[in-house]
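[1] from the sequence below, what's the structure:
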Amino acid sequence: MTIFAPNLLQGQTAIVTGGGTGIGRGIALEFARLGANVVICSRKLEHLTATAADIRACGGESLALQADIRDVDAVSRTVRTVLDRFGRVDVLVNNAGGQFASASARISTNGWNAVINTNLNGTWYMTREVATQWMIPHGGGKIINIVACLWRGMPGLAHTGAARAGVVNLTKSLSIEWAPHNIRVNCIAPGNILTDGWEQAYGEARAEDIRVQIPLQRFGAPEDIAYAAVFLASPAGDYITGATLAVDGGQQHWGNIDYTPEES
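    Coordinates of the predicted model:
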């Protein structure tokens, strides 16, 4: 089921990194329902199989690619593969990311670098390759970066907060620099979205404590983020660039939720 007009994205090709699970899966399926060719990428191919099948089941063209966005050469090959298959890239959704909860003083150098390399560097590598291989030479496109609600800091997730803040500023810079090429670059900042990953990180025991701190008094669903991504990818988003759209039930306006792990 979709709330948008059928075929809204007909003929477009979209890449969704981390598109096999959670928020990425929700975005990929919604794009497919609206007629787009959808390429989903992940470090682990098994994360993509079910979603690729579901895309085909709703009539969409799908391509599942194993790709490590931290590897510059792998990213370049991935974009070339997409262009060889579909001949264009209209929308890039930089959704792939990874983090782990930790008190800041306990984050190791390797742990810090792993999160920065995935969430910031990987986003940049995908963005650069799509822009230089297709969008700049061919007159434009849409880039949507999935970040986080980080406006008041992210205690317990300092590495993620630093990386995502970098992506937000990168988005602002590119929106100006690439505006002459008709490339629109925006962010979506999800709040607490119920996915398998969220439940594994926080669990049922903390769910109610977190829910009551959300002004709309409910968790988000992957579809909430997918609808925002469709809005930005569609003609309705043509005059929006450099923006960060918070899809968080109003949480950014009502203090922080404490994710800080207890010291052991």
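
[2] helix or strand with the lowest mean pLDDT in the protein?
    Of all helical and strand segments in the chain, the minimum by mean pLDDT, DSSP states H and E falls on helix 196-211, at a mean of 69.

[3] dead centre of the chain: give me the residue that sits there.
    Geometric centre of the chain, nearest residue: Asn95, 2.2 Å, by CA atoms, centre = their mean.

[4] for it, what are its contacts?
    16-19, 23-24, 27, 146 (CB atoms under 8 Å, 6 or more residues apart in numbering). The C-beta positions use only the backbone N, C-alpha and C, and glycine is treated the same way.

[5] what's the closest of those to Asn7?
    Ile27 (17.6 Å; CB to CB).

[6] quick one: what helix or strand has the closest one in it?
    helix 22-33 (DSSP states H and E).

[7] would you write out the ChimeraX command that picks the buried residues out of the contacts of Asn95?
    Buried subset of the contacts of Asn95, written as a ChimeraX selection, criterion 16 or more other CB atoms under 10 Å:
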select :16,17,18,19,23,24,27,146
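
[8] would you turn the contacts of Asn95 into CSV with pLDDT and distance to Ala228?
    Shown next, in CSV, are these (pLDDT from 0 to 100; distance: CB to CB, whole Å):
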residue, pLDDT, distance to Ala228
Val16, 98, 14
Thr17, 97, 17
Gly18, 95, 16
Gly19, 95, 16
Ile23, 95, 10
Gly24, 96, 14
Ile27, 97, 9
Ile146, 97, 10
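
[9] in the stretch 1-150 of the chain, where is pLDDT below threshold?
    Within the stretch 1-150 of the chain, the ranges that satisfy pLDDT under 70 run 1.
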